[in-house]
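Enquirer: Prediction below, plus the sequence it came from.
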Amino acid sequence: MTRHIAPAAAAVGVLLAVVPDRALAHVRYVTPGDGGERAAELLAAVAADPLALALLFGGGAGAVVAGAGWLRLRPFRLDLAVLRRTLRSYDDLLPWLARLAIGLPMVGAGFTGYLFSPAATADFLGLPGALVRLFGIGVGFLLVFGFATRLAAAIGLFGYLVGLLLSPALLLAFEFLPGLLAILLLGGGRPSADHVFSRMSAVGGTVYQRIDPIRETLAPIGERLAARDELVPVIVRVGLGFSFVYLGVVQKLLMPGQALGVVAKYDLTAVVPVSPELWVVGAALTEAALGIALAFGLFTRAGCGVAILMFTTTLFGLPDDPVMAHVSLFGLVSVLVITGGGAYSLDRWLAERLGDESGRQQRTDEPTATAD
């Protein structure tokens, strides 16, 4: 179906996830350390609370029933077909959106002195501070302006992988990996410096056309990469899905001390009067479920709508949570809002199984009955 499943999904998770979700995702940024709690203690506390169990199981069952009911009833078919067709018309802006989503936070990271994630400072990684700053600012500006875009994305990808080898803390910013891969496939697009120079080089007789040093050698590589741009939504949703699952399972369920510290620091139990343990478990399960749905491409646009709601809530609700840490997430989720689940997704499989006559007549990129 479509992103209109978001109200049902949000209603299921509002008590357990909406406010704390991204706060807990960035616990390394806003809490000083682990309080010593263990996963077994956290789960035991929740299991001993009948109300907590009722809310968790009731929320999960409600989400399944809501999804199944939406697929069966399929309301607003024409409205949703128009919405999808309109969103898909923004395809030409995907390179620009992806470049800003990755380039801007890299510039911010460079000026601040960390590598991709605020949890990975130069001192923490054992790298020269000047090198980290130069890397972030240089690659980030190249991506923002769209100059030597694919080369800059390749350098950024190499830097991320090297940083990840030095410290697993960079898994907190795993979204940069699919973002950079997507830019490799999409290229600079328009507007970009690459587009301007390519137009100048394509016109015979211009001075630049005679001195262009890279057109003949690098253009074929770019064309081969661009030929696989249908994989962009696959790469982005699988990468974001992994990030959500990692943040939900590892950063919350397996290391609950920091997550409980966030609940205490911001007095979240005053917002929704449930136990701190339920806050953490509920947020973890919600984030993990959202990640799995995105990875498999189920209700993709709906999941993106829920994610944007959670990012926005955290952005305005937690005054000391780094703003730049959200830009890449906002941008890549917005990419999926435009593309939908894309190839190899359950949304597309459901569209083929549930397609109706109006969808065949319209012949849109995403059939009318699609689940996202």
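Expert: That came through fine. These numbers were taken from a predicted model, which means no experiment stands behind them.

Enquirer: Chain neighbours aside, what residue packs nearest to Leu104?
Expert: Val327 (5.3 Å; C-beta to C-beta, 6 or more residues apart in numbering). In this view, the C-beta of every residue, glycine as well, is placed from N, C-alpha and C.

Enquirer: and the one you found, how many neighbours?
Expert: A total of 20 residues lie near Val327 under the criterion other C-beta atoms under 10 Å.

Enquirer: Against Leu294, how distant is it?
Expert: Val327 sits 18 Å away from Leu294, going by C-beta to C-beta, to the nearest Å.

Enquirer: do the same with Pro256
Expert: From Pro256 over to Leu294 the distance is 24 Å, taken as C-beta to C-beta.

Enquirer: repeat for Ser334
Expert: Separation of Ser334 from Leu294 (C-beta to C-beta) stands at 13 Å.

Enquirer: any idea of the mean pLDDT in the strand or helix carrying Arg85?
Expert: Assigned by DSSP states H and E, Arg85 falls within helix 77-88. Mean per-residue pLDDT for helix 77-88: 91.

Enquirer: Next: stretch 276-293.
Expert: The predicted model gives stretch 276-293 an average pLDDT of 91.

Enquirer: shift numbering so it begins at 374
Expert: I'll keep to 374 as the first residue from here, and by that count the last item is stretch 649-666.

Enquirer: CA atoms of that stretch as PDB?
Expert: Listed next in PDB are the C-alpha coordinates belonging to stretch 649-666 (Å, rounded to 0.1, in the frame of the first residue of the first chain):
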ATOM      1  CA  PRO A 649      12.400   3.300  32.100                       C
ATOM      2  CA  GLU A 650      13.000  -0.300  31.100                       C
ATOM      3  CA  LEU A 651       9.800  -0.300  29.000                       C
ATOM      4  CA  TRP A 652      10.900   2.900  27.300                       C
ATOM      5  CA  VAL A 653      14.200   1.300  26.300                       C
ATOM      6  CA  VAL A 654      12.700  -2.100  25.200                       C
ATOM      7  CA  GLY A 655       9.800  -0.400  23.400                       C
ATOM      8  CA  ALA A 656      12.100   2.000  21.500                       C
ATOM      9  CA  ALA A 657      14.500  -0.900  20.600                       C
ATOM     10  CA  LEU A 658      11.800  -3.200  19.300                       C
ATOM     11  CA  THR A 659      10.200  -0.300  17.300                       C
ATOM     12  CA  GLU A 660      13.500   0.700  15.800                       C
ATOM     13  CA  ALA A 661      14.500  -2.900  15.000                       C
ATOM     14  CA  ALA A 662      11.000  -3.600  13.400                       C
ATOM     15  CA  LEU A 663      11.200  -0.400  11.300                       C
ATOM     16  CA  GLY A 664      14.700  -1.400  10.200                       C
ATOM     17  CA  ILE A 665      13.600  -4.900   9.100                       C
ATOM     18  CA  ALA A 666      10.600  -3.400   7.200                       C
END
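
Enquirer: List the buried residues in stretch 671-690.
Expert: By neighbour count on 16 or more other C-beta atoms under 10 Å, the buried set for stretch 671-690 is 671-684, 686-688, 690.

Enquirer: now swap in stretch 529-541 and tell me
Expert: Residues Gly529, Leu530, Gly532, Tyr533, Gly536, Leu537, Ser540 are the ones in stretch 529-541 that count as buried (16+ other C-beta under 10 Å).

Enquirer: so who does Val505 touch?
Expert: Counting by C-beta atoms under 8 Å, 6 or more residues apart in numbering, Val505 touches Gly483, Gly486, Tyr487, Leu488, Thr494, Ala495, Leu498.
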